[in-house]
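[1] Take this sequence and fold it.
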Amino acid sequence: MFNLLSKLPDNTRGAVIMSLSMAAFTTNDSFMKGALAEVPLFQGLFLRASLNIVMLFVVLVPLMGPVRLDLPRKDWVMIGIRSCAEIGAALCFMTAVSNMPLANATAIMQTLPLSITIAGWLLFRDPLGWRRMVAIVIGFFGVLMIVQPGTDGFSGYALFAVLAMLCVTLRDIIVRKIDHSVPTTTVTLGAILAVWVASGLLSIGQGWEPVSVKAWAQITGSAAFLIVAYVTSVAVMRVGEMSFVSPFRYTALVWALLIGLFAFGEWPNALAFAGAGIIAGTGIYTVLREAALRRRTAANPTR
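    Below is the predicted model of the structure:
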């Protein structure tokens with residue numbers, strides 16, 4: 001797939017990969033939402049991760065190259081941190097998705113450009129002006145409109161979506177610290193194994209239930225789309241200008257709305273829908289503002 005995209009300009013390739021990544025993540029989430037209606041959370045995650053391990057070696061390694069283990073200690077530490085963040089993201093987001101509308105949980109996740117900007121400022125001393133800070137505050141106000149604390153529309157499970165967003169922020173920003181020579185298959189395997197071990201241990205105390213043919217099909221579909229999502233989420237951080245590519249993250253909202261409506265009969269209420277729009281608008285403004293600042297810095301390097 002990536003060979004076919006290699007002939008495209010970097011920004012176009014990045015936009016396509018980001019859109020594919022969002023479609024894969026959302027489709028994976030919808031399959032797991034269906035499966036978790038009858039399978040316990042930890043059991044479902046363990047079964048999906050088991051299939052992911054097989055798929056990685058059967059499908060991805062032949063296509064994308066072998067898993068490398070001879071990595072510098074620094075890269076292993078970064079992969080370890082990223083994998084722990086993946087555990088938190090998987091557990092929290094699947095808890096949210098299985099108990100609240102898919103579109104609402106997905107909209108909360110779309111604050112990532114805002115949270116990554118904050119994380120870059122805190123961890124890497126990236127510049128952060130007042131305009132982007134205002135946009136970030138407004139964006140997180142959009143999250144409150146979706147969570148709706150203190151109203152009849154409030155669901156405590158929305159807080160799990162917020163925690164998942166924080167974990168994914170850490171997961172994505174850590175990729176910047178992993179050397180580009182580290183194969184995507186190695187990073188992906190680290191994430192899958194981490195979720196597999198964690199969910200397996202947790203499932204011991206939760207108990208297991210029989211799995212129907214329908215649930216097996218849903219878990220298998222989820223595993224297949226998650227493999228695509230893992231790979232593209234790593235690849236997209238390494239190609240194109242993020243200021244151009246990042247707005248395509250919001251294609252996930254379109255997928256979540258359509259799948260939620262037709263597969264689960266869900267539709268956000270007016271307040272949550274407005275909150276999702278605010279999140280998308282402020283996120284796009286943030287990345288475009290960052291691009292403008294980079295161009296200005298490049299044009300006036302001494303200022």
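[2] G200 - how many residues pack around it?
    Using other CB atoms under 10 Å, the number of residues around G200 comes to 16. For the C-beta atoms, the positions are set from N, CA and C on the backbone; glycine is no exception.
[3] mind checking how far it is from I53?
    12 Å (CB to CB, to the nearest Å).
[4] cool, and A85?
    Taking CB to CB, one finds A85 at 19 Å from I53.
[5] more neighbours, these two?
    Per other CB under 10 Å, whichever of A85 and I53 has more neighbours is A85, with 22 against 15.
[6] Need the three-state assignment for that one.
    At A85 the chain is in helix, as set by DSSP: H, G, I helix; E, B strand; the rest coil.
[7] Might you report the residue contacts of it?
    Shown in contact with A85 (CB atoms under 8 Å, 6 or more residues apart in numbering): C167, V168, L170, R171, I174.
[8] and if you look at M64?
    Listed by CB under 8 Å, 6+ apart, the contact partners of M64 are F2, P183, T184, T185, V231.
[9] so which of these is the most crowded?
    Counting neighbours by other CB under 10 Å, V231 comes out on top of the contacts of M64 with 24 neighbours.
[10] and that residue, how far is that from T184?
    Counting by CB to CB, the gap from V231 to T184 is 6 Å.
[11] hey, where'd the helices end up in the stretch 101-250 of the chain?
    Secondary structure of the stretch 101-250 of the chain (DSSP state H, counting those that start in this stretch): helices located at 102-109, 112-124, 130-147, 158-174, 184-206, 213-235, 242-245.
[12] Count the residues that sit near F57.
    Number of residues near F57 (other CB under 10 Å) recorded here: 13.
[13] repeat for F154
    Count around F154 with other CB under 10 Å applied: 12.
[14] Double-check it against Q148; I have them as touching.
    Yes - with contacts counted by CB atoms under 8 Å, F154 reaches Q148, the gap being 4.8 Å.
[15] nearest to G34, of the helices of the stretch 101-250 of the chain?
    Among the helices of the stretch 101-250 of the chain, helix 213-235 comes nearest to G34, with 4.7 Å by CB to CB.
[16] between that closest one and helix 158-174, how big is the angle?
    40 degrees (axes from the mean of the first three to the mean of the last three CA atoms, to 10 degrees).
[17] So for helix 213-235, what gets flagged as buried?
    215, 218-235 (16 or more other CB atoms under 10 Å).
[18] Among the helices of the stretch 101-250 of the chain, which comes closest to V61?
    Set against V61 and scored by CB to CB, those come closest in helix 184-206, at 5.8 Å.
[19] Touching, A252 and A103? I think so.
    No - look at A252 against A103 with CB under 8 Å: they stay out of range, at 9.6 Å.
[20] contacting residues around L20?
    If you count contacts by CB under 8 Å, 6+ apart, L20 has them with V228, T232.
[21] Nearest the geometric middle of this protein, what residue?
    Centroid-nearest residue in the chain, with CA atoms, centre = their mean: V168, separated by 5.7 Å.
[22] Could you count how many residues lie near the spatially closest residue to that one that is not a sequence neighbour?
    Spatial nearest neighbour of V168, excluding adjacent residues (CB to CB, 6 or more residues apart in numbering): A89 at 4.9 Å. Counted by other CB under 10 Å, the residues lying close to A89 total 23.
[23] S155 too?
    18.
[24] Then the one 4 residues further on?
    L159 has 16 neighbouring residues, counting by other CB under 10 Å.
[25] Mind pulling up the pLDDT for it?
    Per-residue confidence (pLDDT) for L159: 91.
[26] doesn't Q148 make contact with it?
    No - using CB under 8 Å, L159 is not in contact with Q148; the gap is 11.6 Å.
[27] On the three-state scheme, P268 is what?
    coil.
[28] ok, now which ones touch it?
    Per CB under 8 Å, 6+ apart, neighbours of P268: P101, A103, N104, A107, I146, L257, A276.
[29] what do you get for A215?
    Contacts of A215 by CB under 8 Å, 6+ apart are G34, A35, E38, V39, G44.
[30] among those, which are in helices?
    G34, A35, G44 (DSSP state H).
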